[in-house]
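>>> Turn this into a model:
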Amino acid sequence: MRAWLYYRLSRDEDAEMNSLQNQRQILADYAEQNGYDVVGESFDDNVSGMTFNRNGIGQLETAVDEGKVDIVLVKDLSRLGRHRTQTALFIDHLRENNVKVYSVTEGIDSTNENDDMLIGFKQLFNDFYAKDISKKVRAGVRQKQKTTGIVETLPMGYVKDKNTDMITIDEETAWIVREVFRLYIDGYGLTTIAKKMNADGIKSPDYYFNRKLSDHKPDISKKYLWVQTTVKRMLTNELYHGTLVNHKTVSSKIYKTKTTVPEDEQYRHDNYCEPIIDETTWKQAQFMLEQRSKINPRSQCGRNIHKYAGIIKCAECGASLIARRRRWKEKEYVEYTCNSNHRYGKEYCTPHSVHEEQLDALINIEIVSLLEYIQAESAKYEKIIKNWLKKKPKYDKEIQRSNEKIKQCRDEIEQIIIERINDRDHAKIYNDMIEKREAEIRSLEKKIADLRHYDEVCKKRREELKNTSELIETILADGHISNVNLRMLVRQVTVHQNEDKSIDISFDMNGAFNYNIMEDVTDEIL
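Below is the predicted model:
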């Protein structure tokens, strides 16, 4: 009888008791004692029995399909597989091909009807054992993720000391990470950065970590080329600014599922390692990623995204103004033209255009005006807070008197309730007395809250204005407004052509830099 020896070891099992050499010896001795002709053997090392996507099983299937095997010898049924359904289907497949499975240590024969119930019981037990072990392992990993954090694979730019387990910056590759962030903030897109890296001969992260690429990938991927997703993964990896995030997804190898965990349930460890990217650069990159996903700007191959691309609109038709590079007297400049006019002609929209230099000059004036406005608002809040501090003792006494009055009203309510119990005939009168005092309590509580809220909001608003003012001063100090700073300041630029062909340009600022929002907040407080 032609026999095939199959043995398996997974990492969660006792390696000494179930070692591959030990299993093979048991199977070889049994085959020799029973006069079987061993035609082949296969094994799987460090592979879970809950999946049948294994090389050793694949070799066995090939031999069975070719009709080379009569019996498969395993040390016990758990070696063949632990997933009860998949194991049963695989045994049925072997039966259909007139191949039986024999468990040497258990004495179980898949072709013996008397062993059918025992096989079913063994499969159920093996399945439960694997899931129980998996549950315990996950619990241990989850606890370690929560307390100290786990880094399974370090990203490019970091190395781990084998002796101390300390994660340190690898300057040999960290410069690549910094270059990717710099290019992105300077206006280059994900695909353009990937192409630039490939053109410069810089290998992708897979090369530096000697990672084995999947067999199903095309041969060109084995050249370790950069792609768009490689760049995006690098830009969104929080470890680069020193924060480790664990428990972002939950995967099940048994059921082949992967679930994303909500952010508030993830485990974050700040200052986990030395950052490669500083906090300002990190925030700028995340802002650009979020904004570009909304406005979806385009750029010519190999060039960075134009400064106003995606945020400049035509007031007449609502279309975007597209950037075009022009040359005049050996000088190159960028001009923004209405896309409707460019594509469909003047009957759809006027042929108005504006130079990037003009936009830069106008936005600079706008930001200077914004800074003056914020400084004036800051001075106003400084005066408000100074006046508040002078009157604070008076307000504190007012709050104390209000609290005492609230206590007095509550004591009176308790007394009225007792009197109402003894005088049920006049319950309505007592109820009106209680309602009157409850209304007074609500009024006093609102008064206390308003006094405290006013103080807190004024201080918070002053701090917000101070931070905004410092940020704008830093931007203006650079002498020019960079791509990322412009997009952080400006939400949209609107271009309108008047009847006399003159052009009006308006700027809609983002959040903290928006005049209207700042005025609304001021009105609400004052």
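
>>> For the stretch 251-400 of the chain, which segments count as strands?
Using DSSP state E, counting those that start in this stretch, the strands assigned to the stretch 251-400 of the chain run over residues 257-260, 267-269, 312-314, 321-328, 331-338, 353-355.

>>> Of these, which is nearest residue 419?
Distance to residue 419, taken as Cβ to Cβ, is lowest for strand 267-269 among the strands of the stretch 251-400 of the chain, at 57.4 Å. (Glycine included, C-beta is placed from N, CA and C.)

>>> what residues does stretch 418-434 touch?
Outside stretch 418-434, the residues that touch it by Cβ atoms under 8 Å, 6 or more residues apart in numbering are 413, 416-417.

>>> Can you flag the buried ones in those residues?
413, 416 (16 or more other Cβ atoms under 10 Å).

>>> got a markdown table for the strands of the stretch 251-400 of the chain, with mean pLDDT too?
Output for the strands of the stretch 251-400 of the chain, formatted as a markdown table (pLDDT from 0 to 100):
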| stretch | mean pLDDT |
| --- | --- |
| strand 257-260 | 82 |
| strand 267-269 | 92 |
| strand 312-314 | 91 |
| strand 321-328 | 87 |
| strand 331-338 | 90 |
| strand 353-355 | 90 |
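
>>> Deepest in the core, which of the ones you listed is it.
Mean neighbour count (mean count of other Cβ atoms under 10 Å) peaks for strand 312-314 among the strands of the stretch 251-400 of the chain, with a mean of 21.

>>> Kindly report the domain assignment for this structure.
According to automatic domain parsing, the chain comprises the domains 2-147, 158-292, 359-525.

>>> pLDDT (mean, whole number) over the longest one?
Spelled out, that is domain 359-525. Per-region confidence: domain 359-525 scores 80 on mean pLDDT.

>>> before we move on, what about stretch 159-173?
88.

>>> gap between the two ends of that stretch?
10 Å (Cα to Cα, to the nearest Å).

>>> what's next to it, contact-wise?
Stretch 159-173 is contacted from outside by 151, 154, 156-158, 208, 272-274, 276, using Cβ under 8 Å, 6+ apart.

>>> now swap in stretch 64-78 and tell me
Taking Cβ under 8 Å, 6+ apart as the rule, stretch 64-78 contacts 1-7, 18, 23, 26-27, 30-31, 36, 39-40, 49, 60, 63, 80, 87, 93-94, 97-106, 108, 119, 122-123, 126, 129.

>>> From these, keep the buried residues only.
The buried subset of the contacts of stretch 64-78 (16+ other Cβ under 10 Å) comprises 3-7, 18, 23, 26-27, 30-31, 36, 49, 60, 63, 80, 87, 94, 99-104, 106, 108, 119, 122-123, 126.

>>> circling back: can you put the contacts of stretch 418-434 in TSV and add secondary structure and distance to residue 502?
Shown next, in TSV, are the contacts of stretch 418-434 (DSSP: H, G, I helix; E, B strand; the rest coil; distance: Cβ to Cβ, whole Å):
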residue	secondary structure	distance to residue 502
413	helix	71
416	helix	75
417	helix	76
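
>>> Not counting its neighbours along the chain, what's nearest the residue nearest to the spatial centre of the chain?
The chain has residue 236 as the residue nearest its centroid, 7.1 Å off, counting by Cα atoms, centre = their mean. With sequence-adjacent residues excluded and distances taken as Cβ to Cβ, 6 or more residues apart in numbering, residue 236 is closest to residue 289, at 7.0 Å.

>>> how far away is that neighbour from residue 181?
Going from residue 289 to residue 181 by Cβ to Cβ, to the nearest Å gives 11 Å.

>>> now residue 154
Computed as Cβ to Cβ, the residue 154 to residue 181 distance reads 18 Å.

>>> nearest to residue 379, of the strands of the stretch 251-400 of the chain?
Comparing those under Cβ to Cβ, the one sitting nearest is strand 312-314, at 33.8 Å.

>>> and the closest one, what other elements does it pack with?
Applying 3 or more Cβ pairs under 8 Å, 6 or more residues apart in numbering; DSSP states H and E, we find strand 312-314 packed against strand 321-328, strand 490-497.

>>> quick one: contacts of the first one?
In other words, strand 321-328. Outside strand 321-328, the residues within contact range by Cβ under 8 Å, 6+ apart are 306, 308-309, 312-314, 332-339, 342, 353-354, 356, 495.

>>> same thing but at 6 Å, please
By Cβ atoms under 6 Å, 6 or more residues apart in numbering, the list of residues contacting strand 321-328 from outside reads 306, 309, 312, 333-339.

>>> pLDDT weak spots in the stretch 1-150 of the chain?
Within the stretch 1-150 of the chain, the stretches with pLDDT under 70 are 11-17.

>>> Tell me where it has strands.
So, for the stretch 1-150 of the chain - with DSSP E, counting those that start in this stretch - the strands run 2-9, 37-45, 71-74, 100-103, 108-109.

>>> Residue 154 and residue 181: which is more packed in?
Here residue 154 and residue 181 are compared on neighbour count by other Cβ atoms under 10 Å; more neighbours surround residue 181, at 22 against 15.

>>> now the host helix or strand of the more buried one: how far from the chain's centre is it?
Using DSSP states H and E, residue 181 sits within helix 171-185. Offset of helix 171-185 from its chain centre (Cα atoms, centre = their mean, to the nearest Å): 20 Å.
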